[in-house]
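Q: Just to be clear, the model below is a prediction. Sequence and coordinates:
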Amino acid sequence: MLTKDEWELLANLCKILEGFAEATTYLGASKYVTHSIMSPLLKEIKKRVKPENIRILDLNNIEELTDVFEEEEEGEQAECENVQEKRLNLNEPFRTTKMLEKVKLNLYNAMELYWPKEEGKFLISALLDPRIKSLGFIDSEEVRNKAKELLKDKFDQLKADSLSTTPVTHSTLPSGPSSLFSIFKRSSLQDNEINAYFSLPELDFDLDPFTWWHEHKEQFPILSKLARVYLPILATSTPSERLFSSAGNLLTAKRTRLNPELFNRIIFLKKNASFVKNIHPPTNNSM
């Protein structure tokens, strides 16, 4: 039977691991934006698991993150090499003293190892997400500015490439600011898309960034192209693993001679069936 302290420890561990479960479920999807949300979620998890007394380990040696639930044995038992004799004794109460802090410390150090700091290249998708474009989850103003500078570099490069491929047209209409035809020219917002974009208020988190960019692609032609490049990036490899599983269920040991084109079409239909109203349209069989 579990003791009161053990039940309390399990309840506290569930609260800590709940954040990991929520992040895993959300970031493992493929039908909405995930990459831009990865940084703020990881930052919030690190904030929740950060222990009061931090002892930063040598993060170059992951082996230092030992199993905190392994009992420390003394005397002759400590020298025993038999793994079975080192297992926990279920007949004895588990020592829960400071165990929660040890778990939080190991989790925090592990996250510091794999996700040490926010970098500008990982924040471009967040900048292009109209829900969190202000990067309010970043404490350092220097990091925010570097991310915006990197976005501007990407913007200028794409704009230059677009201008170089745009055919030159010779207009016979009068030019100049005083010309009557100046009213037909594009707004000055088109020349400064980045400032115009950041001046708009952020969206509610429940709204879809893809829909927003589709509706504003005329207002932000260059930024909308960047959004189509960075926002579809997946935060995890879970969707690709699902794709491999689907392919494995289709191409089995007893079905190995499928035509590659047919195989591709079947996989495409499986993954996009929700967007197809009717694969086989009804026929008029009335005589």
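A: That came through, no problem. Residues are numbered from 1 along each chain as shown.

Q: Strands of the protein, residue ranges please.
A: Read by DSSP state E, the chain holds no strands at all.

Q: And the lowest mean pLDDT element among the helices and strands of it?
A: Sorted by mean pLDDT, DSSP states H and E, the helices and strands of the chain end with helix 76-79, the least confident at a mean of 46.

Q: Would you quantify the distance from residue 5 to residue 14?
A: Note on residue 5: its distance to residue 14, by C-beta to C-beta, to the nearest Å, is 15 Å. Quick note: C-beta positions are derived from backbone N, CA and C, even for glycine.

Q: Between these two, point out the one with more neighbours.
A: residue 5 (14 against 10; other C-beta atoms under 10 Å).

Q: so the more buried one touches residue 96, yeah?
A: Yes - applying C-beta atoms under 8 Å, one finds residue 5 in contact with residue 96, separated by 4.5 Å.

Q: Below-threshold pLDDT in the stretch 1-150 of the chain: ranges please.
A: The model of the stretch 1-150 of the chain has pLDDT under 70 over residues 54-91.

Q: can you pull the pLDDT of residue 285?
A: Looking at residue 285, its pLDDT stands at 60.

Q: right, I mislabeled it, should have said residue 258
A: Looking at residue 258, its pLDDT stands at 89.

Q: The closest residue to residue 135 other than its chain neighbours: how many residues sit nearby?
A: Nearest residue to residue 135, sequence neighbours excluded (C-beta to C-beta, 6 or more residues apart in numbering): residue 144, at 4.8 Å. Look at residue 144: counted by other C-beta under 10 Å, it has 19 neighbours.

Q: Run a quick check on residue 144 versus residue 138, I expect a contact.
A: Yes - counting by C-beta under 8 Å, residue 144 touches residue 138, with 5.2 Å between them.

Q: and for the two, which residues touch both?
A: Common neighbours of residue 144 and residue 138, using C-beta atoms under 8 Å, 6 or more residues apart in numbering, are residue 123.

Q: Let me know how buried residue 93 is, in neighbour terms.
A: As a burial measure, residue 93 scores 13 neighbours (other C-beta under 10 Å).

Q: The nearest residue to it once chain neighbours are set aside and residue 96, how far apart?
A: Closest residue to residue 93 apart from its sequence neighbours, by C-beta to C-beta, 6+ apart: residue 3 at 5.2 Å. Applying C-beta to C-beta, the value for residue 3 to residue 96 is 8 Å.
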